[in-house]
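In: fold the stuff below for me.
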Amino acid sequence: MQSAGGSADQPHPLFGGALSAVIPHSATDISELREIPDNQEVFAHAHTDQSLIVELVEYQGQVADQDSARYHFEDIAGSNKALEPGAFEVSSVAALPKSELSLSECSSAWMLTGTQCVSKFNEEAKNTVTLHLGVLRLPQFSTDVLITFNDPQSISPDSSSAAAVGTHREPWTVQEFQRLLQTLTLHNPGLFG
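Out: The predicted structure follows:
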């Protein structure tokens with residue numbers, strides 16, 4: 001199995017090369033292990049339970065730019081069955097300066113940090129995960145690009161992830177996530193139809 005995370009500044013092709021970005025070290029391309037939806041690229045850390053997801057979703061025109069990260073975070077919480085009171089919390093939302101982004105086509109970009117209490121593979125056991133979410137808005141392509149960094153904070157002993165606890169070698173950092181956001185580059189607008 002090939003590691004997707006290459007050298008420090010080597011962009012990794014995404015969606016057949018239509019996009020690229022610098023993926024952190026020790027990244028495994030999950031599409032080599034199982035079926036991934038066509039609108040997603042999913043990477044897992046080789047030695048931790050961390051994951052990164054680059055996802056193309058429908059642009060939500062009814063959602064104001066400054067609310068887009070929270071909108072998508074709550075949508076992810078719903079998918080994770082983490083909507084009950086206390087199961088998710090937003091700790092910060094910030095605009096990303098376009099001058100720091102390679103994706104010049106985006107109208108605005110946002111980064112949210114929050115937590116969700118989620119189960120893996122529909123297990124009963126709940127894990128607390130810090131979720132860093134980047135939203136890059138592309139209204140001209142009717143697309144929001146979501147980049148999600150899942151960083152588990154506490155793992156239930158009953159979770160299938162419990163075996164990975166204590167083996168965390170060189171985990172990904174928020175800075176590496178931000179580097180992915182900053183280096184995301186569009187090469188082929190035909191990706192959006």
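In: in contact with residue 88, which residues?
Out: By CB atoms under 8 Å, 6 or more residues apart in numbering, the contact set of residue 88 is 73, 74, 77, 82, 114, 115, 116, 117. In this view, the C-beta of every residue, glycine as well, is placed from N, C-alpha and C.
In: which one among those residues gets closest to residue 134?
Out: The nearest member of those to residue 134, counting by CB to CB, is residue 73 at 11.0 Å.
In: now the contacts of residue 88 in a markdown table, with distance to residue 96, pLDDT and secondary structure?
Out: Formatted as a markdown table, the contacts of residue 88 follow (distance: CB to CB, whole Å; pLDDT from 0 to 100; DSSP: H, G, I helix; E, B strand; the rest coil):
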| residue | distance to residue 96 | pLDDT | secondary structure |
| --- | --- | --- | --- |
| 73 | 15 | 93 | helix |
| 74 | 20 | 90 | helix |
| 77 | 22 | 83 | helix |
| 82 | 25 | 68 | coil |
| 114 | 16 | 94 | strand |
| 115 | 21 | 89 | strand |
| 116 | 21 | 84 | strand |
| 117 | 27 | 80 | strand |
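In: okay, the residues you listed in CSV with distance to residue 143 and neighbour count next?
Out: Listed next are those as CSV, based on distance: CB to CB, whole Å; neighbours: other CB atoms under 10 Å:
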residue, distance to residue 143, neighbour count
73, 18, 23
74, 19, 15
77, 21, 22
82, 25, 20
114, 23, 21
115, 27, 19
116, 24, 21
117, 29, 19
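In: you'd agree residue 46 is up against residue 29?
Out: No - the pair residue 46 / residue 29 is not scored as a contact, 10.9 Å apart, by CB atoms under 8 Å.
In: center of the protein - which residue?
Out: By CA atoms, centre = their mean, the mean C-alpha position of the chain lies nearest to residue 148, the distance being 1.4 Å.
In: tell me which element that residue falls in.
Out: For residue 148, the element it lies in under DSSP states H and E is strand 143-154.
In: list the buried residues for whichever helix or strand comes after that strand?
Out: Per DSSP H and E, the first helix or strand lying C-terminal to strand 143-154 is helix 174-183. Judged by neighbour count (16 or more other CB atoms under 10 Å), helix 174-183 contains these buried residues: 176, 177, 178, 179, 180, 181, 182, 183.
In: re earlier: give me the contact list for the strand holding residue 148.
Out: Strand 143-154 has contacts (CB under 8 Å, 6+ apart) with 48-60, 68, 72, 76, 103, 106, 115, 127-138, 161, 171-172, 174, 177, 180-181, 184, 192.
In: of these, select the buried ones using a PyMOL command.
Out: Only the buried entries of these go into this PyMOL selection, using 16+ other CB under 10 Å:
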select buried, resi 48+49+50+51+52+53+54+55+56+59+60+68+72+76+103+106+115+127+129+130+131+132+133+134+135+136+137+138+161+172+177+180+181+184+192
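In: give the contact list for residue 117.
Out: 82, 86, 87, 88, 126, 127, 128, 129.
In: just give me the closest of the buried residues of helix 174-183 to residue 41.
Out: residue 180 (10.8 Å).
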